[in-house]
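A.B. asks: Coordinates for the following, if possible.
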Amino acid sequence: MKYIERIMEKKLESAAKSFKAVLVTGARQVGKSTLLKTKFPNYRYITLDDPFLEEQARENGDMFLALNSPPVIYDEVQRAPELFRYIKMACDDSDEKGLFLLSGSKQFKLMKEASDSLSGRVCIVELAGLSMREISGDSFNERFLPTMEYIRERGKTAKAPKNIWNIIHRGSYPELQNPDVVWSDFYASYVKTYLERDVRELSAVQNLDAFRRFMIAAAARTGEVLNYSNIASEIGKDVTTVKNWISILETSGIVYLLEPYSPGALKRAIKTPKLYFRDTGLACYLTRWLTPEALAYGAFSGHIFETFVISEILKSFSNLGIDYRYCVSYYRGKDRKKVVQNGQEIGVESEIDFIIEENGVLYPIEIKQSHKVSADETRAFTVLDKIPDKRRGTGAVVCMCPQPGALRDNVLQIPVWYI
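C.D. replies: Modelled structure (predicted):
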């Protein structure tokens, strides 16, 4: 299959010129190895998926490094955490940049090990699945912001896809861009491999069938506020087990937990994260939405559309090497008041699907799968005006509309394919 150019390529090349080591994290099968081997063909490639090499790296790291000296790519480096101390020593003994290119699929654990061992020596970037831009061959590489400046620049290259539901349902793994790959076969193999390898390595899960049922229950709740008790009740496990298993999904890059925005000024805000699957194709497979047509007209379409939009926005940040974890959130709470018919004021729950914070400005975003939206759907945005030392920036409704436009002053409608 033809190599699909990745937006992260420029960031990687820049990082290799500035740091002695570069670590690429991300879920299994998102294209980490292919990206590194393609962009750095002069580097020797070593994969610790090889049991012999893994054993060598774990038990005799200095000899392993001597036999596999830089410039080198170490793939699945999390399999031999003992190797980091020797990589650190090699970095300290040399003034050269780009000595080690590392990759691994256990994101948070791996990032912590690398940060602790290689502080100041490593640049850590996260590679996600393919974005809409990459699938369509669009070279636009700015992070998404709901501003007029962004819309003007994005409009120069943005093209509406023939059927957005085909993209959402197919998923973002590079291998699936080959039309000869059978969708159901790929995901069946992916889930089986994930359960038998990653889950067993990350936790002492004895009953893989129970974990599979848990994955299905979690996928059915993508786009929802995370309710551990609800999932535990459905699969017949205790809440502690569900929390541990959610952590496994998060650690291995299967799900993302979007934290709530809850400053002190908003006293009635929900403080529970929302759960999102990082790949919509996997969520569809687990919940048995087997065709794009069934998905588009089914009860799951709203949740999966929101999941897709969130994922695409996050990719626009991570593909530039931007750590988005501290600048994105959502809001749900009862801080906004509404007068009811009897004249009494009661707290009415409001929600903002997504908030981007940058330079003290809060950009609120609502996500709707409809083709036609109204300004009334953005009334909750005003709750952000209560927050001192912050300014509410341009808001937007990301939807299926054919063209961007203004819904009211400071609120835009933006087509999903403009992300």
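
A.B. asks: Strands of the stretch 101-250 of the chain, start to end?
C.D. replies: 122-126, 224-225 (DSSP state E, counting those that start in this stretch).

A.B. asks: Direction included, what does the first one pair up with?
C.D. replies: If I follow you right, that is strand 122-126. The sheet places strand 122-126 alongside strand 21-25 (parallel), with pairing taken from DSSP bridges.

A.B. asks: what separates the partner strand from the chain centre, distance-wise?
C.D. replies: Offset of strand 21-25 from its chain centre (C-alpha atoms, centre = their mean, to the nearest Å): 17 Å.

A.B. asks: can you list contacts of that strand?
C.D. replies: Residues lying outside strand 21-25 but in contact with it, judged by C-beta atoms under 8 Å, 6 or more residues apart in numbering, are 12, 15-16, 32, 35-36, 77, 87, 91, 98-107, 110-111, 114, 118, 121-127, 253. For glycine as for every other residue, the C-beta is placed from the backbone atoms N, C-alpha and C.

A.B. asks: tell me which strands and helices the strand or helix carrying Val309 is in contact with?
C.D. replies: Here Val309 is covered by helix 301-318, with elements defined by DSSP states H and E. In terms of contacts (3 or more C-beta pairs under 8 Å, 6 or more residues apart in numbering; DSSP states H and E), helix 301-318 is packed against helix 164-170, strand 255-258, strand 274-277, helix 280-286, strand 328-333, strand 350-358, strand 361-367.

A.B. asks: For the fifth one, the averaged confidence score.
C.D. replies: Averaged across strand 328-333, pLDDT comes to 93.

A.B. asks: What of the longest one?
C.D. replies: In this model, strand 350-358 has a mean pLDDT of 95.

A.B. asks: about what we covered before: can you add distance to Glu5 and give the strands of the stretch 101-250 of the chain back as a markdown table?
C.D. replies: Below are the strands of the stretch 101-250 of the chain laid out as a markdown table (distance: least, C-beta to C-beta, whole Å):
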| stretch | distance to Glu5 |
| --- | --- |
| strand 122-126 | 16 |
| strand 224-225 | 35 |
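
A.B. asks: Go through the ones you listed and pick out the most buried.
C.D. replies: Of all the strands of the stretch 101-250 of the chain, strand 122-126 carries the top mean neighbour count, a mean of 21, counting by mean count of other C-beta atoms under 10 Å.

A.B. asks: so for that strand, what's the average pLDDT?
C.D. replies: Averaging pLDDT along strand 122-126 gives 90.

A.B. asks: Tell me the buried residues in stretch 72-86?
C.D. replies: When burial is assessed from 16 or more other C-beta atoms under 10 Å, stretch 72-86 yields the following buried residues: 72-81, 83-84, 86.

A.B. asks: got it, and stretch 312-322?
C.D. replies: For stretch 312-322, by 16+ other C-beta under 10 Å, it's 312-321.

A.B. asks: Next one: Glu5 relative to Leu282, how far apart?
C.D. replies: The gap separating Glu5 from Leu282 is 23 Å, by C-beta to C-beta, to the nearest Å.

A.B. asks: between the two, who's got more neighbours?
C.D. replies: Neighbour tally, Glu5 and Leu282, criterion other C-beta atoms under 10 Å: the higher count belongs to Leu282, 25 against 13.

A.B. asks: quick one: buried residues of stretch 125-139?
C.D. replies: Applying a neighbour-count criterion of 16+ other C-beta under 10 Å, the buried positions in stretch 125-139 are 125-136, 138.

A.B. asks: Among the residues you listed, which one sits closest to Glu366?
C.D. replies: Using C-beta to C-beta, Met132 is the member of these that sits closest to Glu366, with 19.4 Å.

A.B. asks: I'd say that closest one and Pro161 touch.
C.D. replies: Yes: with contact defined as C-beta atoms under 8 Å, Met132 counts as touching Pro161 (7.3 Å).
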